[in-house]
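Enquirer: Please work out how this folds:
(one chain, ligands or ions: 2)
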Amino acid sequence: MNLGVNIDHIATLRQARGTPYPDPLAAVPVCLAAGAGSITAHLREDRRHIQDHDIERLAAYPGLHLNMEMGATDEMVAICERLRPFACCLVPEKREELTTEGGLDVVAHQSRLAAVVERLTAVGVRVSMFIDPVPEQIRASRAIGAPVIELHTGHYANYRGQMQSNELAALRDGASLAGDLGLIVHAGHGLTVENTPAICAIPEIEELNIGHAIVADAIFKGLHQAVADFKAVMVR
Ligand SMILES: CC(=O)[C@@H](O)[C@H](O)COP(=O)(O)O
Ligand SMILES: NCC(=O)COP(=O)(O)O
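Expert: Ligands and ions are numbered 1, 2, ... in the order given. Below is the predicted model:
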């Protein structure tokens, strides 16, 4: 199972004062040495953390599997088409949100998203849809030709008790349906060392994208150890 480390919140610390440090790109060799297989970075429309120069440098980083998270806007599609990262993940965005609040509504935007998938696939970018574990969204992702989905685990991470159990069951069922449809299945958002093992136990999930908790853990244990501790629990 691959671990993709999301480095957004290293950039959050930098943006807090507008200093050149910490440089998110300094995290790349550390994360890879600790067992990460890819790096995720979210170029938001409001540039609250990752900046254009970050994503440009990441896309040019030799041998790096960069997963560029982005809204399906004309601006971001053009940037992705120009930079040609290994992969991109289309996510919903609202300027007023604190963080991503849910999955993309692929059903409501099938024709537009199908055109984006075709355009970015044509230049060699592997396109993923960031969606809730809802059968209609999974089927729509397959219908528009996306090879990958990333299941939103934010509700699972935030809920407790029976609601969390119900969300975990939905993730299991969604991953199973996606596998039956021939989709590659990833998952992410809000994952911690404590809540990750249950997600890892879902057999169809091939990759986890984790950022906020890794950066938070790194404050106290260092980035290499923070990444290594997630890899240690990501065993099947
Ligand atoms: C799509 C997702 O769940 C995250 O990777 C996303 O990057 C969250 O946005 P922030 O990183 O701005 O919190
Ligand atoms: N797509 C999920 C991701 O990249 C990281 O989300 P989080 O761990 O920062 O919540």
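Enquirer: Val148 touches Phe130, doesn't it?
Expert: No: if you go by C-beta atoms under 8 Å, Val148 and Phe130 don't touch, sitting 9.9 Å apart. Backbone N, C-alpha and C define where each C-beta goes, glycine included.
Enquirer: shared neighbours, the two?
Expert: Overlap between the neighbourhoods of Val148 and Phe130 consists of Cys89, taking contacts as C-beta atoms under 8 Å, 6 or more residues apart in numbering.
Enquirer: Show me which of those two is the more surrounded one.
Expert: The neighbour count for Val148 versus Phe130, taken as other C-beta atoms under 10 Å, is higher for Phe130 (27 against 21).
Enquirer: show me the contacts for the more buried one.
Expert: Neighbouring residues of Phe130 by C-beta under 8 Å, 6+ apart: 69, 89-92, 100, 103-104, 149-150, 152, 188.
Enquirer: Can you give me every residue that contacts the residue positioned nearest the centre of the chain?
Expert: Nearest to the mean C-alpha position of the chain, by C-alpha atoms, centre = their mean, lies Asn209 at 4.7 Å. Applying C-beta under 8 Å, 6+ apart, we find Asn209 in contact with 4-6, 40, 67, 89, 150, 186-189.
Enquirer: Pretty sure it sits in a strand.
Expert: Yes: the assignment for Asn209 is a strand, going by DSSP: H, G, I helix; E, B strand; the rest coil.
Enquirer: hmm, back to that, which members of the contacts of Asn209 occur in strands, if any?
Expert: With DSSP state E as the criterion, strands contain 4-6, 40, 67, 89, 150, 186-188 from among the contacts of Asn209.
Enquirer: thinking again about what came up before, give me the subset of the contacts of Phe130 touching ligand 2.
Expert: By C-beta under 6 Å from any ligand atom, the members of those lying near ligand 2 are 150, 188.
Enquirer: Just give the nearest non-adjacent residue to Asp173, would you?
Expert: Here the nearest residue to Asp173 in space, its sequence neighbours aside, is Pro133; by C-beta to C-beta, 6 or more residues apart in numbering that works out to 7.0 Å.
Enquirer: Check Gln51 too.
Expert: In space, Gln51 is closest to Ala11, 7.0 Å off (C-beta to C-beta, 6+ apart).
Enquirer: And for Ala187?
Expert: Distances taken as C-beta to C-beta, 6+ apart put Leu151 closest to Ala187, at 4.5 Å, once the chain neighbours are dropped.
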